[in-house]
Structure formats: structure tokens, C-alpha cells
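3D, please:
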Amino acid sequence: MLEFINEFFTDSLFIPHGHCYLWKPGLVWLNILSDSLIALAYYSIPISLMYFVHKRKDLPFKGIMLLFGAFIVSCGTTHLMEIWTLWHPTYWLSGSLKAITALISVYTASVLVPIIPQALALPSPTQLEASNAELKAALQNLENTQSQLIQTEKLSSMGQLVSGIAYEINNPINFIYGNIHFAKEYVENLLVLLALYKEHYPHPPSTIQAYIQEVDINFLQEDLEKILSSIKIGAGRIRELILSLRKFSRLDEAEIKKVDIHQSIDSTLLLLQNRLKKQERYPEIEIVKEYGNLPKISCYPKQLNQVFMNILTNAVDALEESLVNQENIKESSSIGLTKPKIYIHTEILNNEQVRVRIANNGYGMVEEVRQKVFDPFFTTKPITSGTGLGLSISRQIIDKHGGQIECISSPLKGTEFIIRLPIQITFCKINILQTLP
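Have a look, this model is predicted:
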């Protein structure tokens, strides 16, 4: 045993490897430099692998990485032995290191083979990037849906509030409106009686004469009828407003119903009347209606009213913005900013669809803005003036009804929204619509 160990490490039994090169300096140094650089590279690679494995705690197949490191270190050591054996022929030691390297390499290869299918099953960087993009899109859609649900819930709550207020006001205002006729009739009877008294008793006592002069009985007779007429007009106006509020909210119409589109548009315009009339900063906005002979269409009235409200509100906003900025627009006379108008045109198409066109003669939009008007959260208004969801929700509602909505606009030519809706919603579209919040 001692003799074998002695032979294992002795260098006196063999000729150094340098004799094979005839000790030519160029050839010797070529091998020294080559083996040195290879060994240096082999030793640096495991250090990098160890650092990488240490930093990436979630890295799969760590064991094979460590085996690669051991294999590479063994290979580097055999190259160092090549330099050593140039002068010291310890070939037993060199061969043993190569045998160890062979064992490590064979074991590494045997472990690597079953891992290959698992490694191939791992997603590629391209697949990971695609999955990441899909997740981002899904997250964005989720955020959009959440915001739309919040917005829809707010509108639903507002609709409930409006409907409740309209219901509470409706009864007393009907009482007032219904009794005005009788009150006017009673007052007329009293005035006739007063005239008869005056005719048959032309000289009443001084006290009555003094009171007649004090209250100015002639003016009272003339003005009383005007007051009653004004009360009737005001009560009628309130009744119309309440009816419009109830039609707009339509909380009692959660199912698909046949609806007159013109009635829905008119109800919406009535609710916007305060913004359409002349104000301190803006002239009156003229509404130009060109209603066609349309049949009633199947739809969810509440949702359709929401679309008309969003588009008409945006039209009013656009006209007001154009009026504010008209002093900075040299071509203001060419787009008629001094007389703002909203045009509403309806017609029937092929006995299967109706088309609603809502246009305004405001400044219009640049192409970049027009392309984004239906994007969620896109708005050109101040943060406090809009959420950027109105037109996005409108398009969703129209799409779910099986219709189409488009925007046509360019600078100095105003803006027009064109809505196409089917007269009759098919069964499959009804199922989709019922999933809307």
C-alpha cells in the first residue's frame, strides 16, 4: 500500500511531458498559456453559477447547477495538471483526477437526461412576456369593469333617488293641478257676485269704499286671473318635469320593453333644459329636431336613456367650451359659435334598424381625440368635471343591444354621434343584455 502511494505521487518513474515537446520554448509556453486560461475560465464559471443560485432562491433544478459547477471545476483542475506534468511526471495523480472528472461528468449527464423534459415544459421568455401582457390586459379590464360598475351603481342610486322624489312630489302637485280648475271657477263666480253687488249697490258704506280703494279692487280683479293662470302653467311644468324624471329613471322597467325613442330623447332634453336656456355666459342652445316616423323598438329604456343623456350632456359641454374659447378661434364665424345648435335626426333603415344622429356645431375634435372618445377613463375635461366613462359605457350599452355607435368629428366642423339600433332584439342578445349591471 505504501509502495502504491509512493508511486502515485513520485515523479521519478516517468519522463516529464515536456520531453514530448522537445522542450521547445514556443510550444511549451503555448500549452502553458492555453491550459492556464482554460483553467481560469473553468474556475470563474462555477463562481458565477454559485452566485446566481444564491441570489435566485426560486430557481428550479439547483442540484444540476451545482453538478455543472463541480464538473467544470474538475475539468479546470485537469488542465492545471497538464501544466504540472510538463516538469513533474505524476501521471497516476493526473489520471486519477481525470477519472474523478469522468465520474462527475457521467453522473451529471445521467441526472440531466430526465430533467430535459421538465426544462422544456418551462415557459419560454416569449411565452412569459405574452402571459404577462395578458395578465396586464385582464387587470386593466377588471379595473375598467370595476369603475363601470361603480359608475352604474351611482347612476342606479341616483335613479332610485330621482324616482322616489318624483313619486313623492307627484301626488301633491296633481292635487294642486287638479284643483286649479275648480279654484279658477270659484274665483270667477265670486268676481261675478262682486260685480252684481257693485251693480245693485253702487254706493256702499264709507268703510267698504275705503277698503275697496285700499286693496285696489280693479287691479285685484285683473291680476287674480293672471295669477291663477300662472299657477296652472307652473304646476303643469312641474308635472311635465316629474313625468320626465320618472321616464328617465324607469326603475319600473327592468325588462325589455317597446319604447318610443322620441319620447326618451324629449325626456332627456327636458331634464337638460336648464343648461340649454340662455345663461349669463352663454346664449341659448337651439335644439333642431328632425324626427322620422319610427316604430317603437325593443330595448332596456333605462340604459338607452343613459346613452342619450351622456351624448347630449357631452354636446352641451362641447358647445360651452367652444363658446368660452371663441375669442381665440379666428374662424369662429365659420362654425357659427355665436348661435350654438344641437341637431337630432332620426330615421328608419331597411325596416330592421333605426338611426339616431346627434350633432353639434361646436369646434369639433382633432383626430387623436376622436379615436379615443370611447376609451375608458379618457376625457378632455378637468378631473372634477368627468370620469371619462360616459361614452365608454354608452358604447357598451349600444353594443349589447346589437347596435353600433360611431363618432364623426374634425376641427371647425362640429361633432356628430351616429347610433344604429335594431328594432327587435334577438333572443341571444337579450341573454347578453341581462348580464349588464
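
give the contact list for D260.
Contacts for D260 (Cβ atoms under 8 Å, 6 or more residues apart in numbering) come out as 294, 296. Glycine gets a C-beta too; all of them are placed from N, C-alpha and C.

Do you know the pLDDT at S332?
You'll see S332 listed with a pLDDT of 43.

actually A99, not the one I typed
Note for A99: predicted pLDDT of 89.

That one: what secondary structure?
Here A99 is recorded as helix under DSSP: H, G, I helix; E, B strand; the rest coil.

Enumerate every residue touching it.
Counted by Cβ under 8 Å, 6+ apart, A99 has zero contacts.

and what of F308?
264-265, 268, 358.

which of those lies closest to I311?
In terms of Cβ to Cβ, no member of the contacts of F308 lies closer to I311 than I358, at 5.2 Å.

roughly how far is whichever strand or helix holds that closest one from the heart of the chain?
Per DSSP states H and E: I358 is located in strand 353-360. Distance, stretch centre to chain centre, for strand 353-360: 24 Å (Cα atoms, centre = their mean, to the nearest Å).

what's the answer for stretch 91-103, then?
With Cα atoms, centre = their mean, you get 68 Å for stretch 91-103.

Could you do stretch 342-362 as well?
Centroid separation for stretch 342-362 versus its chain: 26 Å, with Cα atoms, centre = their mean.

now stretch 81-96
Relative to its chain's centre, stretch 81-96 lies at 73 Å (Cα atoms, centre = their mean).

what's the first-to-last distance across that stretch?
End-to-end distance for stretch 81-96, by Cα to Cα, to the nearest Å: 11 Å.

Now do the buried residues in it.
81-86, 88-94 (16 or more other Cβ atoms under 10 Å).

Sort out which residues of the one helix or strand A41 maps to are buried, please.
Assessed by DSSP H and E, A41 sits inside helix 25-55. Across helix 25-55, burial judged by 16+ other Cβ under 10 Å covers 28, 31, 35, 38-39, 42-43, 45-46, 49, 53.

any idea which of the residues you listed is closest to C75?
Once Cβ to Cβ is applied, the member of those that ends up nearest C75 is Y42, at 5.3 Å.

Now the closest one. Nearest residue, chain neighbours left out?
G76 (2.9 Å; Cβ to Cβ, 6 or more residues apart in numbering).

what about that neighbour, which SS state?
Under three-state DSSP, G76 comes out as helix.

doesn't K339 fall inside a helix?
No: the assignment for K339, made by three-state DSSP, is coil rather than a helix.

Okay, helices next: where are they in the protein?
Ranges of helices in the chain, per DSSP state H, are 2-9, 25-55, 62-84, 91-121, 125-200, 206-215, 217-249, 261-271, 273-276, 301-324, 367-370, 390-400, 427-433.

any chance of those helices in TSV, plus distance to H19?
Formatted as TSV, the helices of the chain follow (distance: least, Cβ to Cβ, whole Å):
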stretch	distance to H19
helix 2-9	20
helix 25-55	11
helix 62-84	14
helix 91-121	13
helix 125-200	53
helix 206-215	145
helix 217-249	106
helix 261-271	105
helix 273-276	106
helix 301-324	96
helix 367-370	82
helix 390-400	86
helix 427-433	90
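
so where's this protein uncertain?
The model of the chain has pLDDT under 70 over residues 1-13, 144, 146-168, 243-254, 326-338, 382-388, 426-437.

hmm, 50 instead?
251-252, 331-335, 427-437 (pLDDT under 50).

tell me, what residue is most central in it?
Note on the chain: the residue nearest the mean C-alpha position is P376, at 2.4 Å, using Cα atoms, centre = their mean.

can I assume that one is in contact with L391?
No: checked against Cβ atoms under 8 Å, the pair P376 and L391 is beyond contact range at 9.3 Å.

Fine, thanks again, bye for now.
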